[in-house]
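Undergrad: structure of the sequence below:
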Amino acid sequence: MSDVFKPFVVSGITLHSGETTTVRVSPAGEEEGYYFVRVDLPGKPIIKANVQSVVSTTLSTELGEGEAKIRTVEHLLAALWGCGVKGARIEVEGGEIPLLDGSALVWVEKLNLTNPFPPKSSIAIKEPIWVGRGDSFCMALPCEEMRFTYGIDFPYPVLQNQWYTWYPQRESFQSAIAPARTFGFADQVTKLRDRGLIKGGSLDNALVCDGNGWLNPPLRFDNEAVRHKLLDFIGDLSLLKDIPTGHYIAYKASHQLHWELAKKIALYCLNSPLMMK
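TA: This is a model prediction of the structure:
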């Protein structure tokens, strides 16, 4: 596995603000982990990608340090971890990461690593850890082999009872997870935009469905939606810096529950490198 990549620059429209932002990603030391730099702000403040930095989980994960914030970080962070990158400096001209095509595929292609598999952890889940709300939950179970399972069940025919398990050792993030695009619902667009959300969302960067099916096929996978939820889950868990070996399971979850599980794992492994200072 190699986690060395050449610096690259990407620009694009953001999901929520609808603005165009530019991102420059460069290698950093493993001890530094992932961190964002708001180069458009005075003093170029640094925002560390860890569980303590989360300030909002409304339809994306937002990190902050003081007045500086950076939103919709999960797809890029998932790509970094999924490709085995242990440290990255992410300079951003703006307050949100571009959505691009709604997946993590562009990030993976820009990293352009020869053997893009996740890093192996020296830490393992020793006993079940879980969080839940109603019938939604996230959990981490002891397992000798890293694996991720996600389930979704929405009140739309094309999104009912989807489950998917990804085994990183058997199938690359690049082929199994990265291409899966974000998705939304036609009957919620107006309401969300009235709240100042998804201003940059479109049929070009998100799958959209209604009661009759998908408005913008074809899908990249039959179960693309649940694979994308798993992508988000991985991105949020990467805030741990080192995801312990285990079986991670989520059902009807959200960025909020993903984060709550990450916090609980960090507390459980308090004496490990998970708690990045």
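Undergrad: report the contact partners of the closest residue in space to residue 56 that isn't next to it in sequence.
TA: Using Cβ to Cβ, 6 or more residues apart in numbering and skipping the chain neighbours, the partner closest in space to residue 56 is residue 62 (4.0 Å). (C-beta placed from N, C-alpha, C; glycine too.) Counting by Cβ atoms under 8 Å, 6 or more residues apart in numbering, residue 62 makes contact with 54, 55, 56, 69, 70, 71, 72, 73.
Undergrad: mind doing that once more with 10 Å?
TA: Residue 62 makes contact with 16, 47, 53-56, 69-74, 95-96, 255 under the criterion Cβ atoms under 10 Å, 6 or more residues apart in numbering.
Undergrad: which of those count as buried?
TA: With burial judged by 16 or more other Cβ atoms under 10 Å, the buried subset of the contacts of residue 62 is 16, 47, 53-54, 69-74, 95-96, 255.
Undergrad: report the helix or strand with the lowest average pLDDT across the protein.
TA: The weakest-scoring helix or strand in the chain, judged by mean pLDDT, DSSP states H and E, is helix 189-194 (a mean of 92).
Undergrad: same for that helix, what does it pack against?
TA: Packing contacts for helix 189-194, counted by 3 or more Cβ pairs under 10 Å, 6 or more residues apart in numbering; DSSP states H and E, involve strand 183-185.
Undergrad: contacts for the strand it packs on, please.
TA: 15, 59, 102, 152, 154-156, 158-159, 191-192, 198, 201, 206-211, 214-215, 219, 224-226, 228-229.
Undergrad: narrow the buried ones among the contacts of residue 62 to those in strands?
TA: With strands taken from DSSP state E, the overlap with the buried ones among the contacts of residue 62 comprises 47, 54, 69, 70, 71.
Undergrad: shouldn't the first one be in contact with residue 36?
TA: Translated: residue 47. Yes - with contacts counted by Cβ atoms under 10 Å, residue 47 reaches residue 36, the gap being 4.4 Å.
Undergrad: ok, residue 12 to residue 146 distance?
TA: From residue 12 over to residue 146 the distance is 31 Å, taken as Cβ to Cβ, to the nearest Å.
Undergrad: of these two, who's got more company?
TA: Neighbours were counted for residue 12 and for residue 146 using other Cβ atoms under 10 Å; residue 146 has more, 20 against 17.
Undergrad: isn't the more buried one up against residue 244?
TA: Yes - when contacts are counted by Cβ under 10 Å, residue 146 is listed as touching residue 244 (8.8 Å).
Undergrad: ok, back up a step: which SSE is immediately downstream of the least confident helix or strand of the chain?
TA: For helix 189-194, the succeeding helix or strand toward the C-terminus, using DSSP states H and E, is strand 207-210.
Undergrad: over that following strand, what's the mean pLDDT, rounded is fine.
TA: Strand 207-210 shows a mean pLDDT of 96.
Undergrad: tell me the helices and strands packed up against that strand.
TA: With contacts defined as 3+ Cβ pairs under 10 Å, 6+ apart, the packing partners of strand 207-210 are strand 183-185, helix 224-237.
Undergrad: of those, flag the one that's most buried.
TA: Highest mean neighbour count among these (mean count of other Cβ atoms under 10 Å): helix 224-237, with a mean of 25.
Undergrad: residue contacts, residue 261?
TA: Applying Cβ under 10 Å, 6+ apart, we find residue 261 in contact with 51, 129-132, 137-140, 233, 236-237, 240, 248-250, 253.
Undergrad: ok so, going back, got any residues that touch both of residue 47 and residue 36?
TA: Taking Cβ under 10 Å, 6+ apart as the criterion, residue 47 and residue 36 both touch 53, 63, 64, 65, 68, 69, 70, 73, 90, 92.
Undergrad: in this structure the second one contacts residue 45, no?
TA: No - using Cβ under 10 Å as the test, residue 63 is too far from residue 45 to be in contact (11.3 Å).
Undergrad: so the two - more neighbours on which side?
TA: residue 63 (23 against 17).
Undergrad: need the pLDDT of residue 117.
TA: Residue 117 carries a pLDDT value of 88.
Undergrad: coming back round to it: please state the offset of the least confident helix or strand of the chain from the chain centre?
TA: When C-alpha coordinates are averaged (Cα atoms, centre = their mean, to the nearest Å), helix 189-194 and its chain have centres 23 Å apart.
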